[in-house]
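Q: model the following, please.
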Amino acid sequence: MESQLIHTVELGDWALGIASLDNHGIVVSLSDGSLNLVDSNGNFSRTDAHSGCISSLTNVDKENIVATAAEDGVKVWDFRCINQGPVSKFLNENNVPFLSLDFEHGLLGAGSELEGTDSEIYIWDLRNSSPLRKLSESHHDDITEVKFHGTNKDLLLSGSTDGYANVYDLTFPEEEDALHQVINFASIHSADFLSASRIYTLSHMETFAIHELNDKSSDLKEPQPVQFGDVREPWNCEYVVNIYPGYVACGSNSQESLTLYPFQNEKVDTERKLTFIPAHGEEVVRDVFLKDSRIYTAGEDSKLKIWQSSHWPAPDGSADSEELQASKDENSTNEEYRKFKKHKKDGSKEQKSKKMKKDKHSNRFKPY
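A: As a prediction, this is how the structure comes out:
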């Protein structure tokens, strides 16, 4: 099944990440450090957010607020007052570039580039610029992924180009004790909790696996993961854009195509696919977002494309993923976050890179 192209938005530099805000439209992050707000007709407005490439973009709530990570720190943007600059900014001690970012349970988590012998994970409460926690001993290369558990505020997942995905139990004050589980996989492109007790890992070599989250029993025997191996042949692609709730997105430069497959109950349905041709030409697709019957794709051709497919709605996902998503929706309006918004509304405002070298990113690594 093929989709129909509705709009092509020329943004001027690599389009890397997509977020949706119900009160404003689609937000796209670029390699030039800008955030671009796109409406349903393809019109857009630009905000200079960072001095260099935005490596990660995530929602803080569903209506108005996103957060971004780059060389010059992590910033929180409220689109109700976007022209006034970020409402919050977070840095690390050594001004090391941030590569990965997530928001959940009223907390921001960010992973850094390697500096010296270790890379770092910082956790902040939105209301305080001083970090609540720093984890600096568990990864020895760039941290390309940070994800909070959807229903357990004490669990954090990280992934790195050192080949490991780590799970931390944040109830332990010492990092050595907090390191709950270590998954030895491969250089991590992305990783996340699929459900309350399942984790996926996707490598830069296009290998994919699903792992069991260790419990806290005295039995230290870890269940064997479900190994999909190199998915390029079975998924008929040259690279995997990412694993999303309910579907996977795969691209092929030589065929100039993008394909979405339903992903439910830990199975990929390669028969019920949705294809996009010519997608983003020979350039890599960086992100995909489904909203109602529209599909948004961002690529290294500097374009956001808006597609229509009334016959391939956004998959519902598994029961477990729905449970995690419902929790995320609830957490985005929890008491801590309401206090944060009130605090900012009452007038406490903070005023207002590593420049990406395109030859460094001829492969499909995250942009840093």
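Q: whatever helix or strand Leu157 lives in packs against which elements?
A: Using DSSP states H and E, Leu157 maps to strand 155-160. Packing partners of strand 155-160 (3 or more C-beta pairs under 8 Å, 6 or more residues apart in numbering; DSSP states H and E): strand 107-112, strand 121-125, strand 143-148, strand 164-169, strand 188-193. To be clear about C-beta, it is placed using only N, CA and C from the backbone, and glycine gets the same treatment.
Q: redo those as a markdown table? Include mean neighbour count.
A: Output for those, formatted as a markdown table (neighbours: other C-beta atoms under 10 Å):
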| stretch | mean neighbour count |
| --- | --- |
| strand 107-112 | 25 |
| strand 121-125 | 21 |
| strand 143-148 | 26 |
| strand 164-169 | 22 |
| strand 188-193 | 25 |
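Q: any chance of these in TSV with distance to Val76 and mean pLDDT as columns?
A: What follows is the helices and strands packed on strand 155-160, written out as TSV (distance: least, C-beta to C-beta, whole Å; pLDDT from 0 to 100):
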stretch	distance to Val76	mean pLDDT
strand 107-112	8	98
strand 121-125	10	96
strand 143-148	16	98
strand 164-169	23	98
strand 188-193	21	98
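Q: turn the ones you listed into a markdown table, including distance to Thr259.
A: Shown next, in a markdown table, are those (distance: least, C-beta to C-beta, whole Å):
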| stretch | distance to Thr259 |
| --- | --- |
| strand 107-112 | 29 |
| strand 121-125 | 33 |
| strand 143-148 | 23 |
| strand 164-169 | 26 |
| strand 188-193 | 17 |
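Q: out of those, nearest to Ser3?
A: Closest of these to Ser3 is strand 188-193, at 23.2 Å (criterion: C-beta to C-beta).
Q: what's the angle from that closest one to strand 164-169?
A: 30 degrees (axes from the mean of the first three to the mean of the last three C-alpha atoms, to 10 degrees).
Q: ranges for the strands of the stretch 201-350 of the chain?
A: For the stretch 201-350 of the chain, strands defined by DSSP state E, counting those that start in this stretch occupy the ranges 207-212, 226-230, 239-244, 247-252, 257-264, 267-268, 274-276, 285-291, 294-299, 303-308.
Q: how about these in TSV, adding distance to Asn43, mean neighbour count and mean pLDDT?
A: Shown next, in TSV, are the strands of the stretch 201-350 of the chain (distance: least, C-beta to C-beta, whole Å; neighbours: other C-beta atoms under 10 Å; pLDDT from 0 to 100):
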stretch	distance to Asn43	mean neighbour count	mean pLDDT
strand 207-212	37	20	98
strand 226-230	41	13	97
strand 239-244	25	20	98
strand 247-252	25	24	98
strand 257-264	24	22	97
strand 267-268	36	15	96
strand 274-276	22	20	95
strand 285-291	17	22	96
strand 294-299	14	24	97
strand 303-308	11	21	96
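Q: Serialize the ones you listed to a markdown table and add fields for distance to Ser138.
A: Below are those laid out as a markdown table (distance: least, C-beta to C-beta, whole Å):
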| stretch | distance to Ser138 |
| --- | --- |
| strand 207-212 | 17 |
| strand 226-230 | 24 |
| strand 239-244 | 23 |
| strand 247-252 | 28 |
| strand 257-264 | 29 |
| strand 267-268 | 30 |
| strand 274-276 | 38 |
| strand 285-291 | 27 |
| strand 294-299 | 31 |
| strand 303-308 | 36 |
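Q: between the ones you listed, which gets nearest to Lys89?
A: strand 285-291 (23.7 Å).
Q: distance between the ends of stretch 213-221?
A: 12 Å (C-alpha to C-alpha, to the nearest Å).
Q: typo on my end, stretch 41-51
A: Stretch 41-51 end-to-end distance (C-alpha to C-alpha) = 28 Å.
Q: what does that stretch rub up against?
A: By C-beta atoms under 8 Å, 6 or more residues apart in numbering, the surrounding residues in contact with stretch 41-51 are 6-9, 11, 28-29, 33-38, 68, 70-72, 75, 77, 82-83, 86, 304, 306, 353.
Q: what sits against the closest residue to Arg80 other than its chain neighbours?
A: Of all residues not flanking Arg80 in the chain, Asn64 sits nearest, at 5.3 Å (C-beta to C-beta, 6 or more residues apart in numbering). Asn64 makes contacts with 21, 23-24, 78-80, as judged by C-beta under 8 Å, 6+ apart.
Q: with those residues in mind, which one is nearest to Arg133?
A: The closest of those, once distances to Arg133 are taken by C-beta to C-beta, is Asp78, at 24.6 Å.
Q: hang on, isn't the closest one packed against Ala67?
A: No - with contact defined as C-beta atoms under 8 Å, Asp78 does not count as touching Ala67 (10.4 Å).
Q: wouldn't Lys75 be in contact with Leu91 here?
A: No - using C-beta under 8 Å, Lys75 is not in contact with Leu91; the gap is 10.0 Å.
Q: and the contacts of stretch 15-23?
A: Contacts for stretch 15-23 (C-beta under 8 Å, 6+ apart): 26-31, 53-59, 62-66, 79-80, 286-289, 291, 296, 298-300, 302-304, 367.
Q: how about it: buried residues?
A: 15-21 (16 or more other C-beta atoms under 10 Å).
Q: so how far is it off the chain centroid?
A: 11 Å (C-alpha atoms, centre = their mean, to the nearest Å).
Q: same thing with stretch 57-69?
A: Distance, centroid of stretch 57-69 to centroid of chain: 11 Å (C-alpha atoms, centre = their mean).
Q: residues in contact with Glu238?
A: Glu238 neighbours (C-beta under 8 Å, 6+ apart): 232, 251-254.
Q: go with 10 Å
A: By C-beta atoms under 10 Å, 6 or more residues apart in numbering, the contact set of Glu238 is 206, 232, 250-255, 257, 284, 364.
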